[in-house]
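Undergrad: mind looking at a prediction? Sequence and model below.
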Number of protein chains: 2
Amino acid sequence: MKIGELARRSGLTAYTIRYYEQIGLLPAPDKGTSGQRDYDASILVWIEFLGRLKATGMPIREMLRYAALRQTGPVTDAARRVLLEKHRDKVRGHIADLQANLLVLDAKIAGYADAEERTETNGQHQREPLRARHARTR
Amino acid sequence: MKIGELARRSGLTAYTIRYYEQIGLLPAPDKGTSGQRDYDASILVWIEFLGRLKATGMPIREMLRYAALRQTGPVTDAARRVLLEKHRDKVRGHIADLQANLLVLDAKIAGYADAEERTETNGQHQREPLRARHARTR
DNA sequence: CCTTGACTTAGAGCGCGCTCGAACACCTAG
DNA sequence: CTAGGTGTTCGAGCGCGCTCTAAGTCAAGG
């Protein structure tokens, strides 16, 4: 598989693939006489995993540490597990933060919605008392 | 309140506060004859809210749109609500993605844990499990 | 054969969100 | 009165993660 096809199949651009290779995140593939990169399909699995690390906010530096461990072989399994566990905990914390902030956001939105409802009520029923209606409609 | 104190109380640096003012995210406070910024404590509420938007991944450009609407007055309430609702939906989506990726991460970690357990189990039947295995597997 | 398009390299550039350096002004305590 | 801490402006610089340009090589179809 040449770089263009890998780009299509992985969702990365060819630029990014070369960049990842350059920094050591992707292994350097064989290059034939023409000097063109020839990829094995198995690289897709690794790229997908990198994508998940990235999607969960892992910085490239840390992915490099993981990639280096992987390169070294099965002796590093425990270290890799530890690395992933730490990352997982960070992700969990991040999700918790997001959820907390989401609550505040919801409250803020509810505030705006209330204000709008009051405005509409005023507009349509100027002579009617507000407080009773509002209490009921919420 | 001068900028240093606001920095301490808001968690931003004085640099960042000036930067936010420069781009329009914070209102320009009164500056006395000495030219020093004098903040009202109420700014802290706004900064905290900006922090939540930031923590949920809103880019500065969008915070600026919100800030501009706010500046304009209550006529923009509906627009602000819409903006926040869209953002909230993005955040929800993001959380869902994170949770999905977390499952994969957990599975991967479980895989490593299994492997280790197998190794340990093997090891229990040997005299010096780790060192011996290392020597061989390298 | 010739064209077209995918590939190669090294290195520059970009968008984001700050972060800091330089040079100078001001305020307050001792 | 003076030292030192805090403030001011403006513009440059940084860390991250790509993204692209330039100039050239190569492969395959018409």
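TA: Nice, thanks for sending it over. Numbers count the residues shown, from 1 in each chain, chains lettered A, B, ... in the order given.

Undergrad: per-residue confidence at the most centrally placed residue in chain A?
TA: By C-alpha atoms, centre = their mean, chain A has its centre lying nearest to residue A:55, at 2.4 Å. Note for residue A:55: predicted pLDDT of 98.

Undergrad: which strands and helices sit next to the helix or strand encompassing residue A:19?
TA: Per DSSP states H and E: residue A:19 is located in helix A:14-23. In terms of contacts (3 or more C-beta pairs under 8 Å, 6 or more residues apart in numbering or on different chains; DSSP states H and E), helix A:14-23 is packed against helix A:3-10. Where C-beta positions appear, they are placed from N, C-alpha and C, glycine not excepted.

Undergrad: any idea of the angle the helix it packs on forms with helix A:14-23?
TA: Orientation check (axes from the mean of the first three to the mean of the last three C-alpha atoms, to 10 degrees): helix A:3-10 against helix A:14-23 gives 100 degrees.

Undergrad: helix A:3-10 near DNA strand D anywhere?
TA: No. Helix A:3-10 stays clear of DNA strand D (C-beta under 7 Å from any atom of the strand), getting no nearer than 10.6 Å.

Undergrad: list the buried residues in that helix.
TA: A:3, A:6, A:7, A:10 (16 or more other C-beta atoms under 10 Å in any protein chain shown).

Undergrad: just stretch A:37-44 next, same as before
TA: Buried residues in stretch A:37-44 (16+ other C-beta under 10 Å): A:37, A:39, A:43.

Undergrad: now find how far off-centre that stretch is within its chain.
TA: 24 Å (C-alpha atoms, centre = their mean, to the nearest Å).

Undergrad: what does stretch A:63-82 give?
TA: 22 Å.

Undergrad: ok, and what's touching it?
TA: A:23-25, A:27, A:50, A:53-54, A:83-84, B:109, B:112-113, B:115-116, B:134, B:137-138 (C-beta atoms under 8 Å, 6 or more residues apart in numbering or on different chains).

Undergrad: quick one: mean pLDDT for that stretch?
TA: Mean predicted confidence for stretch A:63-82 is 96.

Undergrad: so that stretch, near DNA strand D or not?
TA: No. In terms of C-beta under 7 Å from any atom of the strand, no part of stretch A:63-82 sits within range of DNA strand D; the closest distance is 8.2 Å.

Undergrad: do the same with stretch A:90-101
TA: No. With C-beta under 7 Å from any atom of the strand as the criterion, DNA strand D is not reached by stretch A:90-101; the gap is at least 13.3 Å.

Undergrad: returning to that earlier point: any idea how far DNA strand C is from the residue nearest to the centre of chain A?
TA: As judged by C-beta to the nearest atom of the strand, to the nearest Å, residue A:55 and DNA strand C stand 17 Å apart.

Undergrad: count the neighbours of the residue nearest to that residue when sequence neighbours are not counted for me.
TA: Nearest non-adjacent residue to residue A:55, counting by C-beta to C-beta, 6 or more residues apart in numbering or on different chains: residue B:101, 5.4 Å away. Using other C-beta atoms under 10 Å in any protein chain shown, residue B:101 is surrounded by 19 other residues.

Undergrad: for residue B:101, give me its contacts.
TA: A:52, A:55, A:56, A:91.

Undergrad: would you show me how to pick out the buried ones of the contacts of stretch A:63-82 in ChimeraX?
TA: A single ChimeraX command selects the buried members of those (16+ other C-beta under 10 Å):
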select /A:25,50,53,83,84 /B:109,112
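
Undergrad: specify the angle between the top helix by length along chain A and helix B:77-123 in degrees.
TA: If each helix of chain A is counted by residues according to DSSP state H, the longest one is helix A:77-124. Relative orientation of helix A:77-124 versus helix B:77-123 (the same axes, to 10 degrees): 160 degrees.
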